[in-house]
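Asker: Mind folding the following:
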Amino acid sequence: MSGPHLARREWPATREAAGRPVILLHGFDGSAAAWEVVAPMLARQRRVVAFDLPGHGGSLSYPGYGPPKLAARAVLAELSWMGVEGPVHLVGHSMGGAVASLAALFEPERVASLALIAPGGFGPDIGLDPIRAVIMARNPADLADALSTMGAPGWRAPAAIAAAILAERSAAGEAGRAAVASIFDQLFGTGLQGVLPLDAVAAAGRPVTLVWGDADPVTPTAQAHGAPAGFQRRFLEGVGHLPMLEAPGQLAAILSEHLAAADAACR
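Answerer: Numbers count the residues shown, from 1 in each chain. As a prediction, this is how the structure comes out:
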């Protein structure tokens, strides 16, 4: 397949691959690097792939970046180009959760399950101040402070994480910051976020697990309670919007349980 491609990181299975592949989708202003701690925990018996979504990280030049619908179609197209056969598990954080949900709507036969971590699109309300702070941060101390406002009270973002994000931003240059600002305006310019057709997502008939920190200041935890009844809900006590950084071991355990159950259901 010719045309643009998404940047990605891969973690091959460390043992004989027994489960379906897992595709990890990061949140707004993130990249595949967000999964560095969690991905190896999931890759023991399955292939794990994390994409940089359009307009982010190494996919900065992907044309038409911005709308989650485009990102969802880009992910599906990339899987075809990679030759990934059979349905895959989609794991999406925040904006990536909305992208994963849309991919399941567009081509449900290619999706084995959804694990949505503090997903976007489950209600119109969203805490934009922490997002703006992360966008605007230009030095390690400011970025660590901004990331900390996304977590639960008392959590502090590791300095090494802030430094790694800034290094990635430096590689993307000002064009990267401009792309993120443009996507922010498209997604949140009204002060609210778009809402997914959740009943249609449920009607696709795929197992869905919601994972939500009970102290999330960005995507309100209450939005989990308004989701369709068939969605499983797992709440992380004392965790904010960044479970992969705040509680990676706990998150990986929940995801592993979800993936094993979904694989069993698909047999």
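Asker: What segments of the stretch 151-267 of the chain are helices?
Answerer: 159-188, 198-203, 222-225, 243-246, 248-266 (DSSP state H, counting those that start in this stretch).
Asker: what's in contact with the last one?
Answerer: To tie it back to what came earlier, the one meant is helix 248-266. 19-20, 22, 37-38, 41-42, 46, 87, 89, 91, 112-113, 115, 117, 207, 209, 211, 232, 234, 236, 239, 243-244 (C-beta atoms under 8 Å, 6 or more residues apart in numbering). All C-beta atoms are positioned from the backbone trio N, CA, C, and that covers glycine.
Asker: before we move on, the earlier item: any chance of the helices of the stretch 151-267 of the chain in TSV with distance to Leu6 as columns?
Answerer: As requested, these are exported to TSV (distance: least, C-beta to C-beta, whole Å):
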stretch	distance to Leu6
helix 159-188	14
helix 198-203	22
helix 222-225	28
helix 243-246	19
helix 248-266	21
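Asker: At which residues are the strands of the stretch 1-150 of the chain located?
Answerer: For the stretch 1-150 of the chain, strands defined by DSSP state E, counting those that start in this stretch occupy the ranges 8-11, 22-25, 48-51, 88-93, 111-117.
Asker: for the first one, which positions count as buried?
Answerer: Okay, so that is strand 8-11. Across strand 8-11, burial judged by 16 or more other C-beta atoms under 10 Å covers 8-9, 11.
Asker: And those residues, which is the shakiest by pLDDT?
Answerer: Looking at the buried residues of strand 8-11 by pLDDT, the weakest one is Trp11, with 94.
Asker: Quick check: beta-bridge partners of that residue?
Answerer: Val48 (DSSP bridges).
Asker: any idea how far it is from Glu36?
Answerer: Counting by C-beta to C-beta, to the nearest Å, the gap from Trp11 to Glu36 is 10 Å.
Asker: Which of the helices of the stretch 151-267 of the chain sits closest to Gly3?
Answerer: helix 159-188 (18.8 Å; C-beta to C-beta).
Asker: Compute the number of surrounding residues for Arg138.
Answerer: Residues near Arg138, counting by other C-beta atoms under 10 Å, number 9.
Asker: before we move on, what about Gly226?
Answerer: 10.
Asker: Numbering from 515 from now on, please.
Answerer: Shifting the count to begin at 515 puts that one at Gly740.
Asker: Output the helices of the stretch 665-781 of the chain as JSON lines; include the columns mean neighbour count, distance to Ala586 and mean pLDDT.
Answerer: Formatted as JSON lines, these follow (neighbours: other C-beta atoms under 10 Å; distance: least, C-beta to C-beta, whole Å; pLDDT from 0 to 100):
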{"stretch": "helix 673-702", "mean neighbour count": "15", "distance to Ala586": "14", "mean pLDDT": "94"}
{"stretch": "helix 712-717", "mean neighbour count": "16", "distance to Ala586": "12", "mean pLDDT": "96"}
{"stretch": "helix 736-739", "mean neighbour count": "17", "distance to Ala586": "20", "mean pLDDT": "96"}
{"stretch": "helix 757-760", "mean neighbour count": "22", "distance to Ala586": "21", "mean pLDDT": "98"}
{"stretch": "helix 762-780", "mean neighbour count": "17", "distance to Ala586": "19", "mean pLDDT": "94"}
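Asker: Good, wrapping up.
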